[in-house]
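Participant: Predicted model, plus sequence, below.
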Amino acid sequence: MHRTYTVTEIRDENYRTKTLVLDRALIAKPGQFAMVWLPGVDERPFSIAAASPLTLTVVAVGPFSERLHQLGEGERLWVRGPLGQPFELPAQPSGKRLVMVGGGYGVAPLRFLAREALTANAAVEVCIGARTAADVLLAERLVMDGAVVRVMTEDGSRGGRGLVTAALEAAVLEARPASVYACGPVPMLEAVESRCLAHGLPYQLSWEARMRCGMGLCGTCEVHGRRREGWLACSDGPVSVS
Ligand SMILES: Cc1cc2nc3c(=O)[nH]c(=O)nc-3n(C[C@H](O)[C@H](O)[C@H](O)COP(=O)(O)OP(=O)(O)OC[C@H]3O[C@@H](n4cnc5c(N)ncnc54)[C@H](O)[C@@H]3O)c2cc1C
């Protein structure tokens, strides 16, 4: 069932990303998502960037996300959720070193996870990958939260030049993490997985896929070929724990 939320604050994160802060909470864990409906437009899944109040970080890439960017303070949207399996922190996070790897909007749910981990006294390092300096998302906010942040850009305009997995490799070689968490495009997740397997590290990946129902009924979001047959990003995931 959808619940109506009102936009109370809009933050510009970068040239194509806005954060929408809504008027009330949604009880949810990092890694879960909500289906956001704009009547007469469509419905799409969005990661929960913060739960209290419910906060969404939206990259404008197409018709639906651009409509979300056009919403002003005081305007409404409809939300179904929370949905999906969340990230899991270690049973005793205090003093543990956790490395997170984010690309694109994937940094937003990782920030929610990072804040919970930091509150539980874990040491958090976040590797952010982006095409250019202008695309880097939430780096300053994560530093203010208390995380160590490593930035990689493909053109070298900010941080190291290259793919975010180079930052993951450096972080892992510096000190072995208790766990690695990642959210971003599928090729990035596959590269993170291969580095974690090579180092024998536990890891959790949040998979993105086209979704319709968001609750395991329609089968649209099956992640083919990598996990067991019929693994649905919406209800078995989006987070897989390995
Ligand atoms: C679990 C989950 C959580 C998500 N969380 C966020 C979030 O926090 N912030 C955010 O900005 N977006 C998020 N998305 C993506 C979002 O649901 C929409 O797909 C996105 O906003 C694009 O929709 P659109 O109608 O604007 O553009 P569309 O016209 O649908 O897409 C524009 C372009 O992006 C590509 N694309 C769109 N969605 C996906 C996808 N899921 N996987 C791969 N390629 C895609 C399309 O192929 C196309 O090239 C999430 C998706 C999933 C599955």
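Facilitator: That came through fine.
Participant: Show me this structure divided up by domain.
Facilitator: 3-83, 97-206 (automatic domain parsing).
Participant: could you check whether the first one is close to the ligand?
Facilitator: Spelled out, it's domain 3-83. Yes - residues of domain 3-83 are located near the ligand by Cβ under 6 Å from any ligand atom, namely 33, 44-47, 57-59, 61-65. Quick note: C-beta positions are derived from backbone N, CA and C, even for glycine.
Participant: Among the domains of the chain, which comes closest to residue 89?
Facilitator: Closest to residue 89 of those, according to Cβ to Cβ: domain 97-206, at 5.7 Å.
Participant: and the one residue in the chain that gets nearest to the ligand, how many neighbours?
Facilitator: Taking Cβ to the nearest ligand atom, the ligand has its nearest neighbour within the chain at residue 62, 2.0 Å off. Using other Cβ atoms under 10 Å, residue 62 has 10 neighbouring residues.
Participant: The nearest residue to residue 42 once chain neighbours are set aside - how many residues pack around it?
Facilitator: Leaving out its chain neighbours, the residue that sits closest to residue 42 by Cβ to Cβ, 6 or more residues apart in numbering is residue 64, at 5.1 Å. Neighbour count of residue 64, defined by other Cβ under 10 Å: 18.
Participant: quick one on the thing from earlier: hey, which of the domains of the chain is tucked in deepest?
Facilitator: Across the domains of the chain, averaging neighbours per residue (mean count of other Cβ atoms under 10 Å) puts domain 97-206 on top, at a mean of 20.
Participant: Quick one: distance of that one to the chain centre.
Facilitator: Its chain's C-alpha centre and that of domain 97-206 lie 11 Å apart, by Cα atoms, centre = their mean, to the nearest Å.
Participant: can you check stretch 16-31 too?
Facilitator: With Cα atoms, centre = their mean, you get 12 Å for stretch 16-31.
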